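S.K.: dropping a prediction and its sequence here:
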Amino acid sequence: MARSLDALRGRWRALRGVAAVTISLICLAPSLATAQAYPNRPIRLLHGFAAGGAADTMARIVSDRLSKRLGQPVLVEAKPGAGGNLAADAVAKSAPDGYTIGLVTGAHAISGALYKQLAYSPTDSFDMLSTMVYYALVIAVRADHKAKTLADLIAMAKAKPDDLSYGSVGFGSTHHLAGELLNITAGTKMVHVPYRGDSLTVTSLLAGDVPVIVGTTVLLAGQIESGAIRGLAVTSPARTKLLPNVPSAQEAGVKGFDVRTWAGLLVPKGTPPDIVKRLNAEIQSMLADPATKTALETATGGEARSSTPEEMRSLISAEIDRWSKVINDAGIPRI
């Protein structure tokens, strides 16, 4: 009798083990099916800037390369407004299934520092995929300006506080805050003049409406090479390939000055980990391709560089902290 009971108990334990494994496989099956089937329809690549701009150009380069790698169309959709916030909000509220990818720039972190309240969290509402490219800005004047160097400009600004102004692509942009960081670092008080986009800043500079601008290197390179505009300094620690004859701000005497904006890709929070892993791997491979790397660097005048999702999240958190301090120190009112 005792042997029969022991045998029954053994069979029961074995059946329980089989049942547990079966339940685990059933629970895992949807995740495995999702990963194996993904993608089986077109993917949307959303960004928050005007068509034809740097972000739009990058998005179209990425969409072309990812489409070929994933075997599905990757369709670019521009949703401009509020410095990229409208698009970021749309991505955050999309289904976390891998079929909506957001392209964000350094403005994504600045929004986290500048806005009192956003409809989403720049970090917690997303699963990060990878960074793509880092690029510097350039501090420039018209060719006939008295300042021949950044040191000249700083001396002029110090001699007449609040008399000199600088233009940027808009309030709260990386360009704007780069100018404020220059004020803080160099001890100047140049007054910010916001414009609606890079092209208007260049037009206003050439027209003499504003004496200084902080602009995008790829947009200003042609004007600098032609001699119409003088590049005083790039905002990266070293010179850029695009403007090899323009010194860095640090070379020009502003020690510790470093402003590089960036672009990266993310998806809504809760996207299956296997899909995040797949997309990160495809982006890593895409950026290792020399032709893609050259295309992105030509479009931005920067350096193409991928990352892990964790590295991108750390970058955004650090940038929010950094720009929060600049905003506080410059006395910029939060929105």
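M.R.: Arrived safely. Numbers count the residues shown, from 1 in each chain.

S.K.: hey, where'd the helices end up in the protein?
M.R.: In the chain, helices defined by DSSP state H lie at 2-37, 54-70, 85-92, 107-114, 150-159, 174-186, 198-207, 217-226, 273-288, 290-300, 309-330, listed in chain order.

S.K.: make JSON lines from these and add distance to residue 257 and mean neighbour count to it.
M.R.: C-betas here are computed from N, CA, C, even on glycine. Putting the helices of the chain into JSON lines (distance: least, C-beta to C-beta, whole Å; neighbours: other C-beta atoms under 10 Å) gives the following:
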{"stretch": "helix 2-37", "distance to residue 257": "45", "mean neighbour count": "10"}
{"stretch": "helix 54-70", "distance to residue 257": "22", "mean neighbour count": "20"}
{"stretch": "helix 85-92", "distance to residue 257": "27", "mean neighbour count": "22"}
{"stretch": "helix 107-114", "distance to residue 257": "17", "mean neighbour count": "24"}
{"stretch": "helix 150-159", "distance to residue 257": "10", "mean neighbour count": "18"}
{"stretch": "helix 174-186", "distance to residue 257": "5", "mean neighbour count": "23"}
{"stretch": "helix 198-207", "distance to residue 257": "20", "mean neighbour count": "18"}
{"stretch": "helix 217-226", "distance to residue 257": "16", "mean neighbour count": "18"}
{"stretch": "helix 273-288", "distance to residue 257": "27", "mean neighbour count": "17"}
{"stretch": "helix 290-300", "distance to residue 257": "20", "mean neighbour count": "17"}
{"stretch": "helix 309-330", "distance to residue 257": "12", "mean neighbour count": "16"}
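
S.K.: what sits against the residue nearest to the spatial centre of the chain?
M.R.: The structure's the chain has its C-alpha centroid closest to residue 105; by C-alpha atoms, centre = their mean the separation is 2.2 Å. The neighbours of residue 105, taking C-beta atoms under 8 Å, 6 or more residues apart in numbering as the test, are 49, 55, 84, 174, 261, 262, 263.

S.K.: quick revisit: got a markdown table for the helices of the chain, with mean pLDDT and distance to residue 234 too?
M.R.: Written out in a markdown table, the entries for these read as follows (pLDDT from 0 to 100; distance: least, C-beta to C-beta, whole Å):
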| stretch | mean pLDDT | distance to residue 234 |
| --- | --- | --- |
| helix 2-37 | 50 | 43 |
| helix 54-70 | 94 | 16 |
| helix 85-92 | 96 | 28 |
| helix 107-114 | 95 | 19 |
| helix 150-159 | 96 | 10 |
| helix 174-186 | 95 | 11 |
| helix 198-207 | 91 | 15 |
| helix 217-226 | 93 | 6 |
| helix 273-288 | 97 | 23 |
| helix 290-300 | 94 | 13 |
| helix 309-330 | 97 | 19 |
